[in-house]
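Enquirer: What would the 3D arrangement of this be:
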Amino acid sequence: MLNPKLKLNPKLFNTDVEEVPIRKGFGQGLVISGEQNKNVVALCADLTESTQMHLFKEKFPERFIEVGVAEQNLVTVASGMSAVGKIPFCSSYAMFSPGRNWEQIRTTIAYNDRKVVIVGSHAGISVGPDGGTHQAIEDIALMRVISNMNVISPCDAIEAKKATIALAKNFTSDEKRPAYLRLVREKTSIITTEETPFEIGKAQIFWMPDIGLAQVGIIVTGALTHRALLAAKELENEKNIKIKVMNLSSIKPIDVETIVALAKETKAIVTVEEHQTMGGMGSAVAEVLVENYPVPIEFIGIKDKFGQSGTPDELIEHYGMGKEAIKEAVLKVLKRKN
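Expert: Predicted structure coming up:
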């Protein structure tokens, strides 16, 4: 069942569930952050509407900077603005930022302790027809390996809005770190509601058995969360397999306590992400468990390959990240557990 404490979308499993691009939630959250704090500024690299920064530009034109097709300039200018007390959000496609400007992010922002949010839009293979050159499937690995850098991957538009607001507020608190916010282009099902809690560094159990302990834990991040929930629901109905599904939107800082608790309960984990299985969220989970409570793990993601052109759904299925692939991984890890 859906975790009643989290007040998730009651229409989540309906065929007509609302679908909204995750990036739209970022645009809305950026406007709210701008209203709450006059130091919030936005910078973009010639992709204002695609990244949904046009909403902020329309409301606060004097606080919006268009740097043009110059992603290295994008983050260095943002770093400078942070140095004089601004709270910069800089956005481009994830293939270009952090893909093209990683060294500037590492040295100019993270090494110098600048409080900047790098927003990587159109991440993952679901960019679709744009093809392998424009499908950022390494960005989580690139960013989580940088010291002093948080990594957030929201599951839907509502969570993206909350994450954006939380990141802006984070820069006014004692815990000040730069962050990477990962967004996708395609519409995704609305899973959460305005009442669903969100906190940087905390994971949440979205799906759980009605009674008793779970046999498998699915840990998912980002746009594949709805597919993971569908897989868990179907396996419960078809095979009476009890599953917990964890939404791990905060990849760094990572919620060690909740991940270890899930592993201790289930003794078997499946990780699900629209990213390379090497170095991504699944690797982060494995690092936690190998130090604290080793259990069998199956990894759903892209297996050491580049992307290609196709529709988003075709590509998700082709690379083994669809609902049926998740169900197969659950059955496989159960056999390893026993």
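Enquirer: quick one, strands of the stretch 51-200 of the chain?
Expert: For the stretch 51-200 of the chain, applying DSSP state E, counting those that start in this stretch gives strands covering 64-66, 87-93, 117-121, 150-152, 179-182, 187-189.
Enquirer: what packs against the fifth one?
Expert: To tie it back to what came earlier, the one meant is strand 179-182. Applying 3 or more Cβ pairs under 8 Å, 6 or more residues apart in numbering; DSSP states H and E, one finds that strand 179-182 contacts strand 117-121, helix 139-144, strand 150-152, helix 157-170. Quick note: C-beta positions are derived from backbone N, CA and C, even for glycine.
Enquirer: Tell me which of the ones you listed sits nearest to E195.
Expert: Distance to E195, taken as Cβ to Cβ, is lowest for helix 157-170 among the helices and strands packed on strand 179-182, at 9.8 Å.
Enquirer: and stretch 163-170, which residues are buried?
Expert: For stretch 163-170, the neighbour count (16 or more other Cβ atoms under 10 Å) marks 163-168, 170 as buried.
Enquirer: Ignore what I typed, I meant stretch 140-154.
Expert: By 16+ other Cβ under 10 Å, the buried positions in stretch 140-154 come out as 140-144, 146, 149-154.
Enquirer: hang on, isn't V40 packed against L167?
Expert: No: taking contacts as Cβ atoms under 8 Å, V40 lies outside contact range of L167: 10.1 Å.
Enquirer: In the stretch 151-300 of the chain, what residue spans correspond to helices?
Expert: Using DSSP state H, counting those that start in this stretch, the helices of the stretch 151-300 of the chain run over 157-170, 225-239, 256-266, 281-292.
Enquirer: Could you identify which of those is most buried?
Expert: helix 157-170 (a mean of 24; mean count of other Cβ atoms under 10 Å).
Enquirer: How about residues contacting that helix?
Expert: 20-26, 28-30, 32-33, 36-37, 40, 87, 89, 117, 150, 152, 154, 176-177, 179, 181, 183, 188, 190-194, 196, 198-200, 249 (Cβ atoms under 8 Å, 6 or more residues apart in numbering).
Enquirer: count of neighbours near S309?
Expert: 15 (other Cβ atoms under 10 Å).
Enquirer: And the closest residue to it other than its chain neighbours, how close does it get to F306?
Expert: Closest residue to S309 apart from its sequence neighbours, by Cβ to Cβ, 6 or more residues apart in numbering: G131 at 4.3 Å. Noted for G131: a distance of 9 Å to F306, by Cβ to Cβ, to the nearest Å.
Enquirer: Kindly report the same for T277.
Expert: Here T277 is placed at a distance of 14 Å from F306 (Cβ to Cβ).
Enquirer: quick one: which of these two has more around it?
Expert: Legend: neighbour count by other Cβ under 10 Å for T277 and F306, higher for T277 (21 against 13).
Enquirer: The more buried one: what's it in contact with?
Expert: Counting by Cβ under 8 Å, 6+ apart, the residues that T277 touches are 283, 299-304.
Enquirer: quick one: pLDDT of it?
Expert: According to the prediction, T277 has pLDDT 97.
Enquirer: Now do it against P98, distance only.
Expert: T277 is 19 Å from P98, by Cβ to Cβ.
Enquirer: Same question for I65.
Expert: 19 Å.
Enquirer: Compare those two (neighbour count), which wins?
Expert: Using other Cβ under 10 Å, the more surrounded residue of I65 and P98 is P98, with 27 against 16.
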